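Undergrad: quick one, what's the 3D model for this:
(chains A, B, C and D)
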Protein chains: 2
Amino acid sequence: MTGTRGYHHGDLPRALLAAAEEAIRESGPAALSLRDLARRAGVSHAAPAHHFGDRAGLFTALAVQGFDLLAEALESTGGELLDLGVAYVDFAVRHRAHFEVMFHPDLYRSDAAEVRAARDRAGAALHAGVTALPAASTDVGDGRGGVHGPLGDALAAWSIVHGFATLWLADALPPGVGDDPREVARTVIGRLFAPAADPG
Amino acid sequence: MTGTRGYHHGDLPRALLAAAEEAIRESGPAALSLRDLARRAGVSHAAPAHHFGDRAGLFTALAVQGFDLLAEALESTGGELLDLGVAYVDFAVRHRAHFEVMFHPDLYRSDAAEVRAARDRAGAALHAGVTALPAASTDVGDGRGGVHGPLGDALAAWSIVHGFATLWLADALPPGVGDDPREVARTVIGRLFAPAADPG
DNA sequence: TGGCGCATCTTGTCAATGGCAAGATAGGAT
DNA sequence: ATCCTATCTTGCCATTGACAAGATGCGCCA
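TA: The predicted structure follows:
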């Protein structure tokens, strides 16, 4: 455990990550300032650099934490496609700060080993839901680089939930859709692998 | 026309927007520096402020330009859903700098009149493709805020193309999908309103 | 044709930030 | 008790966004 044991501050890294989440929630990742985090945590302006190196290091830690949290959220579902999709959207809305960082690789070191591991774990959980689809084909492609069969299904499923989450967070959706992302997500995901516009 | 007529520079605003597109393509919107744009255009560090006010003003101009370009791209299709979706993805890849700015409203003044107009124009073009769906229901909802019928179809269509474009730009997709976003997009969009995993 | 007005652009400045270097502090090990 | 080392602080520099004030030159109108 990195737990509660600490030195001068009492676990400054954790406090800084929490402050970062709050700051990003307020103003987005681009506006995040290491000095502001230091002020929020009550330490000097150079303290964050010791634990995270630089701004990219802090974002890297947030990305790892985010992919781990996402993996947990996805793994805690029954593995059914609809539940996985709703969990994905729910994660994006609840942990919007992490989510926004995770999918902006120019902010952090996306090739770091820890990042790869956490990202692969989340990816596996997501992929499992698609291969479990009853109607999924076993076709793996036509050999010309085209994306068919299960890979195409996985891409479609990931795209629709990621797109909905992104549009929701960007406040790009019209007001008529309501205020419950989980409910709307369920309806939207229902359009996948299904005929159009079934009002049920 | 804002055309080629100019004063000292010869249409500095256009040059700055072009430089901004290039800079964002290289390092993302967060790393964009007004002073760097000024250097690229060969003017002093305070020249951009005269035309765009501040950083948010420049991003606002980019967003308006982007939504206009997107509207043109969508309107130039036949209006069929698949073509609209491919055009959406194609726009995101070709004009990734504009696209990244457009859907980060915290970067610019998203409530400006010009932004609203351009965004609504693009939204209308996209929505038209869904209402033209042969199987689209005329149901408009159950009155409890749920999203069903055409609105649900539109959200699903927008989500899947936006999500795919975003994941593609974020370099989040596995290497196995190939390098032609238009082709992959066609396959992915095919999963919408259709049964799963048809290898054709 | 010649001067005036104003948009355009430059120079100068300030506060804030990221990053680096060097020093101070305190907890834990020997 | 003393040293060691991670932790944190202070000080500094280059860069940036924003603002203020001044210089420049195009176009209009007499």
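Undergrad: residue A:79: what's it in contact with?
TA: A:128, A:129, A:132 (C-beta atoms under 8 Å, 6 or more residues apart in numbering or on different chains). The C-beta positions use only the backbone N, C-alpha and C, and glycine is treated the same way.
Undergrad: what do you get if the cut-off is 10 Å, keeping everything else the same?
TA: Counting by C-beta atoms under 10 Å, 6 or more residues apart in numbering or on different chains, residue A:79 touches A:125, A:128, A:129, A:131, A:132.
Undergrad: now do the helix or strand that residue A:51 is a member of: everything it contacts.
TA: Under the criterion of DSSP states H and E, residue A:51 resides in helix A:47-52. The contact list for helix A:47-52 (C-beta under 10 Å, 6+ apart) reads A:8-9, A:12-17, A:19-20, A:33-38, A:41, A:43, A:54-55, A:57-62.
Undergrad: redo that, cut-off 7 Å
TA: Applying C-beta atoms under 7 Å, 6 or more residues apart in numbering or on different chains, the external contacts of helix A:47-52 come out as A:12, A:13, A:16, A:34, A:37, A:38, A:58, A:61.
Undergrad: now stretch A:174-194
TA: Against stretch A:174-194 from outside (C-beta under 7 Å, 6+ apart): A:82, A:85-86, A:89-90, A:93, A:135, A:156-157, A:160-161, A:164, A:168, B:145-148, B:151-153, B:155-156, B:159, B:191-196.
Undergrad: state the mean pLDDT of that stretch.
TA: For stretch A:174-194, the mean per-residue pLDDT is 93.
Undergrad: likewise stretch A:67-87?
TA: 96.
Undergrad: also stretch A:51-59?
TA: 97.
Undergrad: now do the end-to-end distance for that stretch.
TA: 12 Å (C-alpha to C-alpha, to the nearest Å).
Undergrad: list the buried residues in it.
TA: If you call a residue buried by 16 or more other C-beta atoms under 10 Å in any protein chain shown, then stretch A:51-59 has these buried ones: A:52, A:55, A:57, A:58, A:59.
Undergrad: how close does the first one get to residue A:123?
TA: For residue A:52, the distance to residue A:123 under the criterion C-beta to C-beta, to the nearest Å works out to 25 Å.
Undergrad: ok, the fourth one next?
TA: In this view, residue A:58 and residue A:123 are 23 Å apart by C-beta to C-beta.
Undergrad: tell me which residue in chain A sits closest to chain B.
TA: residue A:163 (2.4 Å; C-beta to the nearest C-beta).
Undergrad: part of a helix, is that residue?
TA: Yes - counting by DSSP: H, G, I helix; E, B strand; the rest coil, one finds residue A:163 located in a helix.
Undergrad: so it touches residue B:157, yeah?
TA: No - Residue A:163 lies out of contact with residue B:157 (C-beta atoms under 7 Å); the separation is 9.6 Å.
Undergrad: between the two, who's got more neighbours?
TA: The residue with more neighbours, out of residue A:163 and residue B:157, is residue B:157; 28 against 24, by other C-beta atoms under 10 Å in any protein chain shown.
Undergrad: what's the closest non-adjacent residue to the residue nearest to the spatial centre of chain A?
TA: In chain A, the residue lying closest to the centroid (C-alpha atoms, centre = their mean) is residue A:99, at 3.8 Å. In space, residue A:99 comes closest to residue A:92 once its chain neighbours are excluded; the distance is 4.4 Å by C-beta to C-beta, 6 or more residues apart in numbering or on different chains.
Undergrad: any idea which helix or strand carries the one you found?
TA: With DSSP H and E as the criterion, the answer for residue A:92 is helix A:81-94.
Undergrad: same deal with residue A:119?
TA: helix A:113-131.
Undergrad: contacting residues around that helix?
TA: A:60, A:63-64, A:67-68, A:70-71, A:74-75, A:79-81, A:84, A:109, A:136, A:150, A:153-154, A:157-158.
Undergrad: and the contacts of residue A:79, which is the shakiest by pLDDT?
TA: residue A:132 (74).
Undergrad: what about the nearest residue to that one once chain neighbours are set aside, distance to residue A:64?
TA: The shortest distance from residue A:132 to any non-neighbouring residue, by C-beta to C-beta, 6+ apart, is to residue A:79 (5.9 Å). Separation of residue A:79 from residue A:64 (C-beta to C-beta) stands at 24 Å.
Undergrad: same thing with residue A:11?
TA: Counting by C-beta to C-beta - residue A:11 and residue A:64 are separated by 17 Å.
Undergrad: just residue A:104 next, same as before
TA: Taken as C-beta to C-beta, the span from residue A:104 to residue A:64 is 14 Å.
Undergrad: burial count for residue A:64?
TA: Around residue A:64 there are 21 residues (other C-beta under 10 Å).
Undergrad: kindly report the same for the one 3 residues further on.
TA: As a burial measure, residue A:67 scores 22 neighbours (other C-beta under 10 Å).
Undergrad: so who does residue A:56 touch?
TA: A:107, A:108, A:109.
Undergrad: can I get these in JSON lines with pLDDT?
TA: Shown next, in JSON lines, are the contacts of residue A:56 (pLDDT from 0 to 100):
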{"residue": "A:107", "pLDDT": "96"}
{"residue": "A:108", "pLDDT": "97"}
{"residue": "A:109", "pLDDT": "97"}
